[in-house]
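Chemist: A structural model of the following input is requested.
(one chain, ligands or ions: 2)
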Amino acid sequence: MPNQLSMDQQADVLEEQQIEELGKKAIGKSLFYFLSDGEQTLGDGFKQGPGQTLLMGEDPRLPKMPDKPTLVDFFKYRFAKAWPYQQHLLQSANLAQKNGLPEKMILGCLLHDIGVAGFIRSDHGYWGAQMIEPYVDEEVSWAVRVHQCMRFFADEDAGYPYPEMYKKMFGEDYQVEPYIAEEYERARNHKWYMSGRMICVNDLYAFDDTLVVELEQFTDIIGRNFKQPKEGLGNDNTPASHIWRTIRRPCNAL
Ligand SMILES: [Fe+2]
Ligand SMILES: [Fe+2]
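Modeler: Ligands and ions are numbered 1, 2, ... in the order given. Below is the predicted model:
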């Protein structure tokens, strides 16, 4: 079939289209990108070259997303893929499943670091909980929020010693900030304490790079325990929709 382009040729054409499309768009980064590099600036801000408009809508540099994206689509097309991050979530959920946790808490383990893998590291428990709050059982988002503080406090009876790795990561004499200590005090007296603790117990830092857990292992659990909005994440009208839209289109000008 002489008129049919080979896969390589099709990929070349697509790449050319993307470069062309990108050339017509001025892309400004948010303050946050610069702050992360220690700079208090917006860079070039709204600087536009001749014939350019500001990027609004889909970002041609990122994988195309379906019109009505699901949680699984965000795993596939946005969340950090490089080892070990998605595997950290998948292996933690796999362990929770092996340990016989209830389904909703297996989902909690699968999503516990969605803040890190999908959005922002700093205060990742709070961001992650906010992202999933409209779509999961209240106990799950509560547990995701408090696992951040609980990680710093041992509960040997529950099978959670202070992580040796934290001594290396944060220093032998690291002291948590007051808001973390206060959050832990509240969590320790909460009726769902053990759910937060179970996330910590199954929060695997000893990654097994010989084990590859696939997201498909949890398709049914996600289906039963994550209330996927029919409009797609970001297109629905919840207090978290804007976060999903921002992850989808991180460089929209406004
Ligand atoms: Fe975490
Ligand atoms: Fe984790």
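
Chemist: distance of residue 121 from residue 202?
Modeler: 20 Å (CB to CB, to the nearest Å). Placement of C-beta: from N, CA and C, glycine included.

Chemist: Settle it for me: which of these two has more neighbours?
Modeler: Taking neighbours as other CB atoms under 10 Å, residue 121 and residue 202 compare with residue 202 leading, 25 against 11.

Chemist: near ligand 2, which residues of this structure?
Modeler: For the chain, the residues in contact with ligand 2 (CB under 5 Å from the ion) are 113, 203.

Chemist: On the pLDDT front, check the residue most central in space within the chain for me.
Modeler: Ranked by distance to the mean C-alpha position of the chain (CA atoms, centre = their mean), the top residue is residue 118 at 2.3 Å. Per-residue pLDDT puts residue 118 at 96.

Chemist: Show me the strands in the stretch 51-200 of the chain, by range?
Modeler: For the stretch 51-200 of the chain, the strands defined by DSSP state E, counting those that start in this stretch occupy 53-54.

Chemist: the helices in it, which residues?
Modeler: Per DSSP state H, counting those that start in this stretch, the stretch 51-200 of the chain carries helices over the ranges 71-77, 85-98, 103-111, 114-118, 124-132, 138-150, 164-170, 178-188, 193-201.

Chemist: from these, which stretch is densest packed?
Modeler: Across the helices of the stretch 51-200 of the chain, averaging neighbours per residue (mean count of other CB atoms under 10 Å) puts helix 103-111 on top, at a mean of 26.

Chemist: for that helix, packing partners?
Modeler: helix 85-98, helix 138-150, helix 193-201, helix 219-225 (3 or more CB pairs under 8 Å, 6 or more residues apart in numbering; DSSP states H and E).

Chemist: and residue 161, which of these is closest to it?
Modeler: helix 193-201 (10.2 Å; CB to CB).

Chemist: for this structure, which helix is longest?
Modeler: helix 7-23 (DSSP state H).

Chemist: got the CA coordinates for that one in PDB?
Modeler: C-alpha atoms of helix 7-23 as PDB (Å, rounded to 0.1, in the frame of the first residue of the first chain):
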ATOM      1  CA  MET A   7       4.600   3.800  11.900                       C
ATOM      2  CA  ASP A   8       7.900   5.700  11.900                       C
ATOM      3  CA  GLN A   9       6.600   8.200   9.300                       C
ATOM      4  CA  GLN A  10       3.400   8.700  11.200                       C
ATOM      5  CA  ALA A  11       5.400   9.400  14.400                       C
ATOM      6  CA  ASP A  12       7.500  12.000  12.500                       C
ATOM      7  CA  VAL A  13       4.400  13.700  11.100                       C
ATOM      8  CA  LEU A  14       2.900  13.900  14.600                       C
ATOM      9  CA  GLU A  15       6.100  15.300  16.100                       C
ATOM     10  CA  GLU A  16       6.300  18.000  13.300                       C
ATOM     11  CA  GLN A  17       2.700  18.900  14.100                       C
ATOM     12  CA  GLN A  18       3.400  19.200  17.700                       C
ATOM     13  CA  ILE A  19       6.500  21.400  17.100                       C
ATOM     14  CA  GLU A  20       4.500  23.600  14.800                       C
ATOM     15  CA  GLU A  21       1.600  23.900  17.300                       C
ATOM     16  CA  LEU A  22       4.100  24.600  20.100                       C
ATOM     17  CA  GLY A  23       5.700  27.400  18.100                       C
END
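
Chemist: which other helices and strands contact the very next helix or strand once past it?
Modeler: Toward the C-terminus, helix 7-23 is succeeded by strand 25-26 as the next helix or strand (DSSP states H and E). The contact analysis (3+ CB pairs under 8 Å, 6+ apart) places strand 25-26 against strand 53-54.
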